[in-house]
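K.L.:
structure, please.
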Amino acid sequence: MADLNLLLLFMTGALALNLAPGPDMTFVLAQAAHRGTRAGIAAALGIGSGALLYTILTALGLAALLAASPLAFDLVRYGGAAYLVWVAVGMIRHPPQLRAAQEASVHAAFRQGLLTDLLNPKVAIFFIAYLPQFVAVGGLPAWLQILVLGVAFVASGTTVNCAVALGGGRLAGRMRRNPTIGKILGWISASVMLGLALRLVAFERR
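P.N.:
Purely as a prediction, here's the structure:
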């Protein structure tokens, strides 16, 4: 599709960005600590699904509408912050238990990861700004190149986040043997969600 050197440069940058601690990694770690490894992986897959949808929208040019409209941007941004606050409240009301994560919590973690990503307009802006830089002139159609690059980026990020979920889930599994520590984990996870909500509210369009 694209020039090999350009593709290698893209993947190097993608891996570096995905390895850098950020909101997605923090969210996955909090889910794994609160609900266990399976829920953390489900959250990672949910985030990846949301990013994949934004990749498709970017390839179709629709995400540019979100970036160009201040009203749409703010509606999505504040909606995402409100959702994260709601998740935080749920973590405080239902602290980690001794039992392993149930299917319901796994499904909830996937849904929360998906919605968290979709309700973050920064993701759309990032894809609009980053992916087109690596489109090769004279190659395959630009939309197809953007789609392939986006899928590669999402695959890299999801792999990293799943690894984070494995580590966080194992650590949480040991600590949850003590109910008091379980409650502390719930508060820590909720604090992370509230921090992400504040970060989203404070973000300014450029």
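
K.L.:
buried residues in the helix or strand where residue 166 lies, which are they?
P.N.:
Applying DSSP states H and E as the criterion places residue 166 in helix 142-175. In terms of neighbour count (16 or more other Cβ atoms under 10 Å), helix 142-175 has its buried residues at 145-154, 156-158, 160-165, 168-169, 172-173. All C-beta atoms are positioned from the backbone trio N, CA, C, and that covers glycine.

K.L.:
state the three-state secondary structure for the residue of the chain most remote from its centre.
P.N.:
The outermost residue of the chain, judged against the average C-alpha position, is residue 138 (32.8 Å), by Cα atoms, centre = their mean. Secondary structure, DSSP: H, G, I helix; E, B strand; the rest coil: residue 138 is coil.

K.L.:
and residue 13, how far from residue 78?
P.N.:
Note on residue 13: its distance to residue 78, by Cβ to Cβ, to the nearest Å, is 30 Å.

K.L.:
also residue 38?
P.N.:
31 Å.

K.L.:
who's more crowded, these two?
P.N.:
Comparing residue 38 with residue 78 by other Cβ atoms under 10 Å, the one with more neighbours is residue 38, at 19 against 14.

K.L.:
so how far is the helix holding residue 166 from its chain's centroid?
P.N.:
Remark: helix 142-175 is offset 9 Å from the chain centroid, using Cα atoms, centre = their mean, to the nearest Å.

K.L.:
quick one: list the elements packing against that helix.
P.N.:
helix 4-19, helix 23-35, helix 37-60, helix 179-202 (3 or more Cβ pairs under 8 Å, 6 or more residues apart in numbering; DSSP states H and E).

K.L.:
dump those into JSON lines; add mean pLDDT and distance to residue 86 as well.
P.N.:
Conversion of those to JSON lines gives the following (pLDDT from 0 to 100; distance: least, Cβ to Cβ, whole Å):
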{"stretch": "helix 4-19", "mean pLDDT": "78", "distance to residue 86": "27"}
{"stretch": "helix 23-35", "mean pLDDT": "82", "distance to residue 86": "14"}
{"stretch": "helix 37-60", "mean pLDDT": "90", "distance to residue 86": "15"}
{"stretch": "helix 179-202", "mean pLDDT": "67", "distance to residue 86": "9"}
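
K.L.:
highest average neighbour count across those helices?
P.N.:
helix 23-35 (a mean of 27; mean count of other Cβ atoms under 10 Å).

K.L.:
got the angle between it and helix 142-175?
P.N.:
Using axes from the mean of the first three to the mean of the last three Cα atoms, to 10 degrees, one finds that helix 23-35 and helix 142-175 are set 30 degrees apart in direction.

K.L.:
distance between helix 23-35 and the chain's centre?
P.N.:
10 Å.

K.L.:
export the helices and strands packed on helix 142-175 as a markdown table, with columns for distance to residue 90.
P.N.:
Supplementary listing: these in a markdown table, determined by distance: least, Cβ to Cβ, whole Å:
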| stretch | distance to residue 90 |
| --- | --- |
| helix 4-19 | 27 |
| helix 23-35 | 9 |
| helix 37-60 | 13 |
| helix 179-202 | 8 |
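
K.L.:
looking at those helices, which is closest to residue 85?
P.N.:
Across the helices and strands packed on helix 142-175, residue 85 has its closest neighbour in helix 179-202 (5.1 Å, Cβ to Cβ).
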